[in-house]
Structures are given as C-alpha cells and as structure tokens.
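# generate coordinates for the sequence data below:
(one chain, ligands or ions: 1)
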Amino acid sequence: MRFEHLIVGGSAGAVSAVEAIRSVDKGASIAVVYDEEVPGYSRPLIPHFLAGELGLDGMMFRSMEFWSKNRVRLIHDAVVEVDPDDRVVKLAGGGRLEYGRMLLAIGGEPITPELEGIDREELYTFTTLEDAERISTRLSEAHRVAVIGGGFIGISLAEALTKRGKKVILIELKPRVLSQALDERASRILEGKMAKAGVEVLTGRAVAAVHREGGRTLRLELDNGEKRLSDLLVAAIGVKPKVHLAEEAGIAVNSGITVDEAMRTSIPEIYACGDVAEVYDFAHGLHRPLALWPVARGSGKIAGYNMAGLEALYEGATAMNAMNYFNAPIITAGLVNPKSPHLVLSRLDERGGSYSRIVLKDGLIVGFTLLGEVEQAGLLLYLMRRRIDVRRFKGKLLHPQFGLSALPQKVRREVLWK
Ligand SMILES: Cc1cc2nc3c(=O)[nH]c(=O)nc-3n(C[C@H](O)[C@H](O)[C@H](O)COP(=O)(O)OP(=O)(O)OC[C@H]3O[C@@H](n4cnc5c(N)ncnc54)[C@H](O)[C@@H]3O)c2cc1C
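Next up is the predicted model:
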C-alpha cells in the first residue's frame, strides 16, 4: 500500500500534521500508524485519569470521527524499520507501507533507572494511558507508593495518587523538586504544599537497592541508609526522544532528530516534530528537544504544511510550563536558573501566597516564574519573545497590577496591534 503522506505517531504532533495537510490538500492519501490503545488522547491529562477525575472520553482531544472525517487511514501497528531509499516502512505486524512523504511524530520514551533487586515489570513508568491503567489496577492493594523523580511527571503522579488516598513517598536525587524549571524559593514553596498534602518529599536522595519484604511489598534502601516500605514503585525520572528508528535509517540525530525550520530531517522527504525532534529554543539560543504539548502541536502543523507543499517555518519556542499541582498555580518560561550573571528581580508575598521572579539580560526578559498569581504570564512572554527592551519600565514589572497601562506608549501600541 502506498500513501502520499505517512505519519507515524497518533498524538499531538500527528493530529496537527493531519489538520495542516488537509487544510492545504483535500485529496491526498494520508495514513497514520499508531501503536497505543487509542490515537488522539491528551497525554497531559493522564494524571487526571489516574486520579479518577476523567474517564477515557474526557481524555480524547480528537474523537475517532476526526480521522474518518479527514479521510485518514488509521493503522494500529508499530513501525519497526524505515527504508529511506525505497521509501518504505516495515510494520511489527509484518506489513509494509510505501510513502511519498513521511512524518516521524513518535515522541519520547521513559528513562528507567537501573535498580538492583527488582524485575523490570515491577518498576512502573507513567507516560501513557496504558501506564495509568496499569498503576490504577494495582492501587486496590497498594497503599504506599514510592515515586522516583521530582520533575513534572513525578509531581503530577504524586498529586494523582494523593487524590486516590495513597501514602506517597517522592524521592528526588537533586536537592529540590522541579530543579530545572523553578528556582530554589519556588521549589521550596511547592515542597511545602506537597508536605501539607501528606506527601513525604525526600530530596537529595536516591534508591540504592530494593528488597522484597513479603507479598508485593518492597523495602527501599536509600543511598543515605534510610529505609522505606512501598507497595508500588514508579520511576518518573524523565523522557528521552525516541530516536532509534531515525538513527537506524541514517537520519541525522543529535539529542533529538535534527530538523530545519520546515521540520524536515536530513532526508528531505522525511519530517519530524514534537518530542522526538530538536527545535530552536529562543531563550537559550540553541536547538534542543522541548517535550511540551504546544511545541508538538506547533511543530506538527508546520511539518504538515510543508509536507503538503505549502512553505511554512517554525519560529521556535522555549520551555514554558503552566501547572497547578497541589493548589499552586505556577507558570514558568525560559531561563530560570541562569549560570552566567543576569539581573534577577523577585517579589515574595508570603501572606498572599504569591512569588514572582524575572530574569533579565541586557535589558531583555530571558525567563520568569510566577507562582500563585499568574495573570501576567501572557504579557511577560510577549515581551520576552519579541525581545522588547524593558529597561525603561523594569521597576514596574513585578508590581501586582503590572499590565498594558504600565508599558510605554510605543510598546503598548505594538502589543495591541500584533
Ligand atoms: C504525564 C505527562 C504529563 C504531561 N503534562 C504536560 C503538560 O501539562 N503540558 C505540556 O505542555 N506537556 C505535557 N506533557 C508532555 C506532552 O504530553 C508531550 O510534549 C506531547 O504529548 C508530545 O507529543 P508528540 O506527538 O510529539 O509525541 P507523543 O505524545 O509522545 O506521541 C507519540 C506517539 O507515537 C507512538 N509511537 C512511537 N513509536 C512508534 C512506532 N514505531 N510506531 C507507531 N507509533 C509509535 C507512541 O506510542 C505515541 O503514541 C506531559 C507528558 C506526560 C507523560
């Protein structure tokens, strides 16, 4: 079988590419190969599914009708090999598909720690709907759950488990949670909220060994000699781009698949987008994978346009996270923990429970963190992305009422017109 457009994936990047291709070309043949239970569900909602707040219907950001309406041939299988010379892929089920253009929207895979004393299948991960279902099934008899990793996934998992009434121990190797996305003060505020919700947060510690305690209970031995019992162990130490298919096909790969601004790989008829690809991070000034839903949607759309023959360029993105874990709304973007000298402005309102921090370099905003009060995030992001010199009004940036009216007229006009 041959398709003009073959998309491997079935999640954020794949959906955006389908929409973009169809907006340009109503007649081209499109196939999507996906290997999960269902395509088109929202991965960021997995914690809400596990918490019991959403069923499968509520998770779907595109219904099954979406694929038929767009005349997409859905193929439930996994691509195991790409042959760019013959423009053919091989499927795990034994089939072969030919393509004119192909998009790799295959995301990332969880990183798992090497742990002595535990079989691979007893160490759970939390990146797919199936993972959430497997964990959920175990919760009827697991009361103490240990989560390894205090990044976004680990914290969202800890919150979901707390909502299910479980006793959660969170073990983080770094001295504080979310150390990549938050500065120290914001991390501590969040840790305080987690502790208040009943989570035991152990930072600066790692699991050194795992022992069986009887039944399915595990005794975790930490690197400082402390011990904890847990009925279920989940590793949430991050995801890495799933690059092996591309590597084996001879496509250029760095830490993710390398692409140009059209999301084209080193092989012109093969594109890549989303978590598996490297994109331009405008705050850091370099190309790197940015595992974020809006980046997958944006880069998938650009890939789709170009596959359909409409020239479009992806302008880049930056690490931007909006979260609300343990009743702490947080928005963070760009450079949060700069290594070289930067000007840092911050304001802590302990009574009101809010904290704001803005990182400046040569008069430009290069990063910010808002905790508690997050309304100003849109405007700050705009000033950051457009590289607007804020020196003239930097004294107002942290004011609780900072808004359009605080901007010099010229800047305000620009914001309003763009
Ligand atoms: C628990 C969790 C919470 C998150 N929360 C947020 C959030 O709040 N905000 C945010 O911005 N981002 C969040 N993310 C990240 C976000 O979900 C990803 O950035 C986004 O899903 C990436 O989309 P993608 O299409 O690139 O890849 P993915 O969503 O990873 O989808 C890739 C798909 O391709 C399939 N696939 C892989 N290999 C093959 C193959 N060989 N053949 C066929 N199919 C294959 C995979 O099984 C998968 O279904 C979260 C992620 C997780 C895990």
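# with adjacent residues omitted, what lies nearest to the residue in the stretch 101-250 of the chain positioned nearest to the ligand?
Closest contact between the stretch 101-250 of the chain and the ligand, by Cβ to the nearest ligand atom, is at Gly107 (2.1 Å). Every C-beta, even on glycine, is put in place using the N, C-alpha and C of the backbone. Computed as Cβ to Cβ, 6 or more residues apart in numbering, the closest residue to Gly107 that is not its neighbour in sequence is Asp275, at 4.4 Å.
# isn't Val177 up against Met194?
Yes - assessed by Cβ atoms under 8 Å, Val177 is found in contact with Met194 at 7.4 Å.
# which one of these two is surrounded by more residues?
Under the neighbour definition other Cβ atoms under 10 Å, Val177 and Met194 were set side by side, and Val177 has more, 26 against 23.
# please report how far the more buried one lies from Glu191.
Distance from Val177 to Glu191, counting by Cβ to Cβ, to the nearest Å: 6 Å.
# what's the answer for Gly316, then?
Gly316 is 32 Å from Glu191, where distance means Cβ to Cβ.
# same question for Leu407.
Remark: distance between Leu407 and Glu191 (Cβ to Cβ) = 35 Å.
# do the same with Ala181
Applying Cβ to Cβ, the value for Ala181 to Glu191 is 14 Å.
# just how off-centre is the helix or strand of the chain with the lowest mean pLDDT within its chain?
Using mean pLDDT, DSSP states H and E, helix 409-417 stands out as the lowest-scoring helix or strand of the chain, at a mean of 78. Its chain's C-alpha centre and that of helix 409-417 lie 32 Å apart, by Cα atoms, centre = their mean, to the nearest Å.
# just the CA trace of it, in CSV.
C-alpha atoms of helix 409-417 as CSV (Å, rounded to 0.1, in the frame of the first residue of the first chain):
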residue,chain,number,x,y,z
GLN,A,409,3.0,54.1,24.7
LYS,A,410,5.2,52.8,21.8
VAL,A,411,5.4,49.3,23.3
ARG,A,412,1.8,49.2,24.2
ARG,A,413,0.8,50.0,20.7
GLU,A,414,3.0,47.2,19.4
VAL,A,415,1.4,44.7,21.8
LEU,A,416,-2.1,45.8,21.0
TRP,A,417,-1.6,45.6,17.2
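# and that helix, what other elements does it pack with?
helix 377-385 (3 or more Cβ pairs under 8 Å, 6 or more residues apart in numbering; DSSP states H and E).
# hmm, who's touching the helix it packs on?
For helix 377-385, contacts defined as Cβ atoms under 8 Å, 6 or more residues apart in numbering pick out 282-283, 318, 320, 322, 331, 333-334, 358, 364-368, 370, 388, 390, 397, 402-404, 411, 415, 418.
# got the angle for that helix vs helix 409-417?
For helix 377-385 against helix 409-417, the angle by axes from the mean of the first three to the mean of the last three Cα atoms, to 10 degrees is 110 degrees.
# what residues sit buried inside the lengthiest helix in the chain?
Determined from DSSP state H, the single longest helix within the chain is helix 293-307. For helix 293-307, the neighbour count (16 or more other Cβ atoms under 10 Å) marks 293, 295-307 as buried.
# residue ranges with poor pLDDT in the stretch 101-250 of the chain?
Counting by pLDDT under 70, the stretch 101-250 of the chain shows no low-confidence range.
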